[in-house]
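1. just a sequence and a predicted model for now, questions to come.
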Amino acid sequence: MTLFNIWKNSGSDNSGTRVEDFQTGYDLSGLSEELTNYYRINKGMEQHIDKNAVIRAMISVIEDDGEPDKIFARDLDEYEDPKNITGKDESRGFVPDMAVYYDEAVDIYEVEISGEINIEKWLDLQSYARKHNGNLYLVVPDVVMDKVKKVLKRNNIGVGLLYFNT
C-alpha cells in the first residue's frame, strides 16, 4: 500500500533548472494506522491529522530510503529542532518541520496539513535548500493536494509535493 506519493511541478525552478513532472510512491504499509491517526472535531466534520505522526512516518521513509547524516524534526522530543531559516528579508524567518542533512545536501520538509498557502515561506525554504544542494518538499494530505498543486504551477514554484491518503 502506498501512503506517500510524490508530485513535482514541471517548469523552471528559481535556479533556472528544468524540473520534470514525476509521480511515484513510498510503501509505508506498516505505518498506515499511525499515519491515519486523525479525529473529528465536534464542530462539523473537519478532519485533523496528527502532524507529528506524519513527520514520524516521513522520518521512517527517509531513514529507509537513504542514510542521512542528521535529521532535525520540529516538536519531536527525540530530535533537535531545525534552525530558523531566513530568506532575502532577514527580519523574517521560518522554522521548517524537518531538515535532513546529507553529506553534501540539505532537504527541507514542510508539512501543510490544512493546505495553508504561504508562498513567501515556501520560496525562502526552497532557496535555502537549493543553496545547500537540496530540495524543498511540501507534505500534504490528498484532500488539499490539488489546491496546493495549482498554486505551485501558477507561481512556477518547483518543489516536491508529497501527499498521503486520508
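-> That came through, no problem. If you're wondering where the values come from, they're calculated on a predicted model, not measured in any experiment.

2. quick check: buried residues in the helix or strand hosting Ser60?
-> Ser60 belongs to helix 51-65 when elements are defined using DSSP states H and E. Counting neighbours by 16 or more other CB atoms under 10 Å, one finds that the buried residues in helix 51-65 are Lys51, Asn52, Ala53, Val54, Ile55, Arg56, Ala57, Met58, Ile59, Ser60, Val61, Ile62. Backbone N, C-alpha and C define where each C-beta goes, glycine included.

3. what does stretch 83-100 give?
-> Ile85, Gly87, Phe94, Pro96, Asp97, Met98, Ala99, Val100.

4. need the worst-confidence member of the residues you listed.
-> In terms of pLDDT, the lowest of these is Gly87, showing 76.

5. circling back to that earlier point, what is the helix or strand just after the helix holding Ser60 packed up against?
-> Per DSSP H and E, the first helix or strand lying C-terminal to helix 51-65 is strand 70-73. Contact here means 3 or more CB pairs under 8 Å, 6 or more residues apart in numbering; DSSP states H and E; on that basis strand 70-73 packs against helix 51-65, strand 98-102.

6. and Asp103, what does it touch?
-> Asp69 (CB atoms under 8 Å, 6 or more residues apart in numbering).

7. phi, psi of the residue nearest the centre of the chain?
-> When CA atoms, centre = their mean is applied to the chain, the residue found nearest the centroid is Leu138 (2.9 Å). Leu138 adopts backbone torsions of phi -90, psi 130, taken as degrees, to the nearest 10.

8. any figure for the gap between Pro141 and Glu112?
-> According to CB to CB, to the nearest Å, Pro141 and Glu112 sit 9 Å apart.

9. so which of the two has more stuff around it?
-> Shown here are Pro141 and Glu112; by other CB atoms under 10 Å, Pro141 has more neighbours (22 against 19).

10. please name the nearest non-neighbouring residue to Pro141.
-> Distances taken as CB to CB, 6 or more residues apart in numbering place Thr166 nearest to Pro141, at 4.7 Å, with adjacent residues excluded.
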